[in-house]
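Asks: Predicted coordinates and the sequence they were generated for:
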Amino acid sequence: MSHIIKAETPSYSGDLTVSVTSSLGFIPIKNATITISYSGDPDSVIETLTTDESGLSNTVSLPTPSLSLSTEPSEEMPYSEYNISVTAPGYEPVNISGTELLPDVTAVQPITMTPLESEPPDETEEDIVIPDHTLYGDYPPKIPEDEIKPMDESGEIVLSRVVIPEYVIVHDGVPQDSTAKNYYVRYTDYIKNVVSSEIYATWPENTIYANTLAIMSFTLNRVYTEWYRNHHLFVVKNRSNSA
């Protein structure tokens, strides 16, 4: 059985807010129960929260590593990892492992809950595992691409104008893998997720702006030139949290 422990006042801390919505129309879920624990000790609950009418929890301050670990080169993990469990009447419980929290910033963990199709005890749980941050984890190198795209395809290659799409298709695999799933992601959410995956929120503001503009420019270039024509638009790693 879980037991509640009181976190000591840390030298460094970050703020965490949880947003809970329904998978049917992203309707806010009121009175959802949220429990937060350390990833290294998932049975020790350090916070229990309840969502308001907007589906938002109170903002809580939780321990994090030193700020310098995310602003200077380091082999140590620069963020804390927490587990979040959410329950609400009429919805499938959701468990998230690995929510990342950096010092001196506020992280917002969005959680989408699926309505139950049958009455308990047949309810199922959705388990989501957030992988290590791109700057910390050990990931394969970027898939090499030809600098010049072959022009042996028929039809228009370059769009007539720059288009900012409402959605982008995220292909969860290499472009040639037709068995991998496709996810339709709003352009704004895609940009936010890529930014939070590739930089730390503790970096200087101008650095964050510069990286965000570079990511937007790269994305729109791929749309404008139809770079992944006859495949899928992008190959990225899905992440559940945004900072």
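Replies: That came through, no problem.

Asks: I'd like the distance between the residue lying closest to Thr179 once chain neighbours are set aside and Glu75.
Replies: The shortest distance from Thr179 to any residue that is not its chain neighbour, by Cβ to Cβ, 6 or more residues apart in numbering, is 7.4 Å, and that residue is Gly173. C-beta here means a position set from N, CA and C on the backbone, and glycine is covered the same way. Using Cβ to Cβ, to the nearest Å, one obtains 30 Å as the distance from Gly173 to Glu75.

Asks: These two: which is more packed in?
Replies: Counted by other Cβ atoms under 10 Å, Gly173 and Glu75 do not tie: Gly173 has more neighbours, with 13 against 7.

Asks: so where's the longest helix in this protein?
Replies: Among all segments of the chain classified by DSSP state H, the helix with the greatest residue count is helix 205-224.

Asks: pLDDT (mean, whole number) over that one?
Replies: The predicted model assigns helix 205-224 a mean pLDDT of 90.

Asks: in that helix, what's buried?
Replies: Thr212, Ile215, Met216, Thr219, Leu220, Val223 (16 or more other Cβ atoms under 10 Å).

Asks: just stretch 110-120 next, same as before
Replies: Pro110, Ile111, Thr112, Met113, Leu116.

Asks: With stretch 134-146 instead?
Replies: Tyr136.

Asks: Contacts made by it with the rest, please.
Replies: With Cβ atoms under 8 Å, 6 or more residues apart in numbering as the contact definition, stretch 134-146 has outside contacts at Met77, Pro78, Tyr79, Pro131, Asp132, Val174, Ser197, Glu198, Ile199, Tyr200, Val235, Lys237.

Asks: Asp41: which of the buried residues of stretch 110-120 is nearest?
Replies: The shortest gap between Asp41 and any of the buried residues of stretch 110-120 belongs to Ile111, at 21.1 Å (Cβ to Cβ).

Asks: Now for the residue nearest to the closest one when sequence neighbours are not counted: which residues touch it?
Replies: Beyond its immediate neighbours in the sequence, the residue positioned closest to Ile111 (Cβ to Cβ, 6+ apart) is Val20, lying 4.9 Å away. By Cβ under 8 Å, 6+ apart, the contact set of Val20 is 28-29, 32, 34, 51, 55-57, 86, 88, 111-113.

Asks: Glu126 too?
Replies: Applying Cβ under 8 Å, 6+ apart, one finds that Glu126 lies in contact with Glu92, Pro93, Val94, Asn95, Thr114.

Asks: Most neighbours of all the residues you listed, which one?
Replies: Comparing those on neighbour count, Val94 comes out first with 21 neighbours (neighbours: other Cβ under 10 Å).

Asks: my guess is it meets Asn83, correct?
Replies: No. With contacts counted by Cβ atoms under 8 Å, Val94 stays clear of Asn83, the gap being 11.2 Å.

Asks: Thr188 belongs to a helix, doesn't it?
Replies: Yes. Under the criterion used here (DSSP: H, G, I helix; E, B strand; the rest coil), Thr188 sits inside a helix.

Asks: Look up how far Tyr167 lies from it.
Replies: For Thr188, the distance to Tyr167 - Cβ to Cβ - is 10 Å.

Asks: on that earlier part again, need the buried residues of helix 205-224 in JSON lines with distance to Tyr183, can you?
Replies: As requested, the buried residues of helix 205-224 are exported to JSON lines (distance: Cβ to Cβ, whole Å):
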{"residue": "Thr212", "distance to Tyr183": "21"}
{"residue": "Ile215", "distance to Tyr183": "18"}
{"residue": "Met216", "distance to Tyr183": "19"}
{"residue": "Thr219", "distance to Tyr183": "15"}
{"residue": "Leu220", "distance to Tyr183": "19"}
{"residue": "Val223", "distance to Tyr183": "16"}
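
Asks: No further questions, thank you.
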